[in-house]
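Asks: here you go, sequence then predicted model.
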Amino acid sequence: MNEEPEKWGVIYNPKAGTRKVKKRWKKIKEYMDSKHVSYDYIQSEGFGSVERLAGIFANNGYRTIVVVGGDGALNDAINGIMHSHAQAKEEIALGIIPNGIGNDFARFWGITSEYKEAVDCIRNNRRKKIDVGTCCYYDGWKHVTRYFLNAINIGLGARIVKITDQCKRFWGVKPLSYFMAFLSIIFERNQHRMHLRVNDDHIRGRFMTVCIGSAWGYGQVPNAVPYNGWLDVSVICRPKLPQLFSGLWLLMTGRILNHKMVMPYRTRRVKVLRARNASVDLDGRLLERHFPLDIGILHEAITLIIPK
């Protein structure tokens with residue numbers, strides 16, 4: 001690839017959802033061609049290829065990288081950009097054309113699933129510098145840093161993300177996916193012995209789920225915004241069944257912090273020293289259990305193209 005700062009580098013992720021995704025990409029491509037968009041595109045091939053491709057685009061001078069995919073593909077792309085050798089990474093603009101399953105980060109910004117509007121949004125080129133979350137750990141051989149845009153979930157939140165995505169992938173029916181996730185909340189409300197350090201507080205106990213978010217974290221940190229240099233944290237204890245239903249209602253209406261089983265915090269750094277037998281995900285990407293996790297925030301580390 002040659003250096004093409006004016007061209008879009010488009011990454012199409014065909015495995016992000018159902019069979020309809022490939023037909024959808026054909027329509028997206030035809031619309032971009034009709035608007036005379038200058039772009040190069042590459043189709044991802046298997047798990048991890050989006051990260052590699054985003055790094056290739058960044059290293060080759062592309063300053064607008066467009067992801068046609070969901071939250072998982074965005075997570076791969078931001079890791080590819082941040083791990084690249086490109087200079088001034090904060091000047092690389094990330095564009096989103098929501099596709100497939102899980103578009104929570106795009107919804108936060110009001111980026112519609114209507115592909116024509118998403119393409120026009122990128123063409124309008126309204127830019128905003130946003131924060132990038134960091135998660136550092138030692139995997140037994142080396143120190144690793146993974147990046148995220150939305151949130152890290154530890155415990156039940158990670159299980160729900162996994163179950164919902166699997167249901168959407170196999171059945172492609174959102175209501176059925178949410179119903180299966182709802183059943184998991186009822187029957188898999190396991191508590192995990194955790195130890196976290198938030199600011200100067202050591203938080204120890206048995207918790208059902210923890211969400212550490214730069215954006216709204218699937219509704220669990222509804223006050224988080226990815227441009228203020230802070231992380232919002234929700235530590236959630238296991239509710240009794242009546243409290244569960246009220247908690248679900250508060251979650252859906254963006255008021256989960258009002259639930260008495262939720263402990264909210266705001267910080268720039270979280271250290272997860274222990275979370276016994278708990279699943280961990282970053283933006284929907286499951287992470288192997290490696291504790292302790294040192295979680296932080298890079299203020300205005302990347303540029304996002306947002307709607308007017």
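Replies: It's in.
Asks: just the helices from the stretch 151-300 of the chain, written as ranges.
Replies: 156-171, 174-187, 241-252 (DSSP state H, counting those that start in this stretch).
Asks: those helices: lowest mean pLDDT?
Replies: Here the helices of the stretch 151-300 of the chain differ in mean pLDDT, and the lowest is helix 174-187 at a mean of 57.
Asks: can I get stretch 290-308 as CSV, trimmed to CA atoms?
Replies: Extracted as CSV, the C-alpha positions of stretch 290-308 are listed here (Å, rounded to 0.1, in the frame of the first residue of the first chain):
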residue,chain,number,x,y,z
HIS,A,290,-5.0,-12.7,33.8
PHE,A,291,-5.0,-10.9,37.1
PRO,A,292,-4.2,-8.3,38.3
LEU,A,293,-5.6,-6.0,35.6
ASP,A,294,-4.4,-2.4,35.6
ILE,A,295,-7.1,-0.3,33.9
GLY,A,296,-6.6,3.3,32.9
ILE,A,297,-7.6,6.0,30.4
LEU,A,298,-5.8,7.9,27.7
HIS,A,299,-7.4,11.3,27.3
GLU,A,300,-8.2,12.3,23.7
ALA,A,301,-6.0,9.5,22.2
ILE,A,302,-7.9,9.0,19.0
THR,A,303,-10.3,10.9,16.7
LEU,A,304,-13.8,9.7,16.0
ILE,A,305,-16.0,10.9,13.1
ILE,A,306,-19.4,11.7,14.6
PRO,A,307,-22.8,12.9,13.3
LYS,A,308,-23.6,16.6,13.1
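Asks: return the set of buried residues in that stretch.
Replies: 291-298, 301-306 (16 or more other CB atoms under 10 Å). For glycine as for every other residue, the C-beta is placed from the backbone atoms N, C-alpha and C.
Asks: count of residues packed around the closest residue to residue 193 other than its chain neighbours?
Replies: Ranked by CB to CB, 6 or more residues apart in numbering and with sequence neighbours excluded, the top spatial neighbour of residue 193 is residue 276, at 4.4 Å. Burial of residue 276 is recorded as 12 neighbouring residues (other CB atoms under 10 Å).
Asks: the one 4 residues further on too?
Replies: By the criterion of other CB under 10 Å, residue 280 has 23 neighbours.
Asks: that one contacts residue 292, correct?
Replies: No - at 11.8 Å, residue 280 does not count as touching residue 292 under the criterion of CB atoms under 8 Å.
Asks: the strands in the stretch 51-200 of the chain, which residues?
Replies: 64-69, 93-98, 127-138, 143-148, 151-155, 192-198 (DSSP state E, counting those that start in this stretch).
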